[in-house]
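> predicted structure and sequence below. I'll ask about it afterward.
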Amino acid sequence: MTLLLPLATACVWLGMVVAISIEAPLKFRAPGITRALGLGIGQLVFRALNRAEIVLALVTAVAFAFGDRPVAATVLLVALVVTLAVQVFAIRPKLEARAEQIIAGSEPPRSRAHLGYIALEGLKVAMLVAFAVTAAP
């Protein structure tokens, strides 16, 4: 069976991650957007993105399971799912808690969680590109 469906879902996933990664810092430069408002918007956007990513990861994995599975693509897909899980279940809750404090008017100490999330986003983009190249028929 062909790998066109997992390839297509991975490319949609890649497009969403890249688009939101471009949007995220830009919203803070828009006229009238305060830090608290930008963080509130960011929370909504990243929750939606992560939900869509989970669906795309599941569809990609299920479709991939029924096709010819190159070893490299299999390893990349597993690494993508693990990366997404770390972002969603380990890092994003820390970011959301910090954002809530800022939205409420306090200034929590600096956190490296944001840098970790950004690094994993970059890694995820690279892995999605590599997956697409590896899985392409």
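All right, it came through fine. Numbering: from 1, shown residues only.
> helices or strands up against whichever helix in the chain runs longest?
In the chain, ranked by residue count with DSSP state H as the criterion, the top helix is helix 35-65. Packing partners of helix 35-65 (3 or more CB pairs under 8 Å, 6 or more residues apart in numbering; DSSP states H and E): helix 4-26, helix 71-86, helix 92-103. Where C-beta positions appear, they are placed from N, C-alpha and C, glycine not excepted.
> mind checking how far Ala99 is from Ala36?
Distance from Ala99 to Ala36, counting by CB to CB, to the nearest Å: 9 Å.
> comparing the two, which residue is more hemmed in?
The neighbour count for Ala99 versus Ala36, taken as other CB atoms under 10 Å, is higher for Ala99 (21 against 13).
> in this protein, where is pLDDT below threshold?
1-2 (pLDDT under 70).
> tell me the SS of Pro108?
coil (DSSP: H, G, I helix; E, B strand; the rest coil).
> try Ser111
Ser111 is classified as coil under three-state DSSP.
> list the buried residues in the strand or helix carrying Met127.
Taking DSSP states H and E as the definition, Met127 sits inside helix 113-135. Neighbour-count burial for helix 113-135 flags 113, 116-117, 120-121, 124, 127-128, 130-132, 134-135 (criterion: 16 or more other CB atoms under 10 Å).
> check stretch 81-88 too.
For stretch 81-88, by 16+ other CB under 10 Å, it's 81, 83-84, 87-88.
> Val59: which of those residues is nearest?
Val81 (12.1 Å; CB to CB).
> was I right about that closest one contacting Ala57?
Yes: using CB atoms under 8 Å, Val81 is in contact with Ala57, at 5.5 Å.
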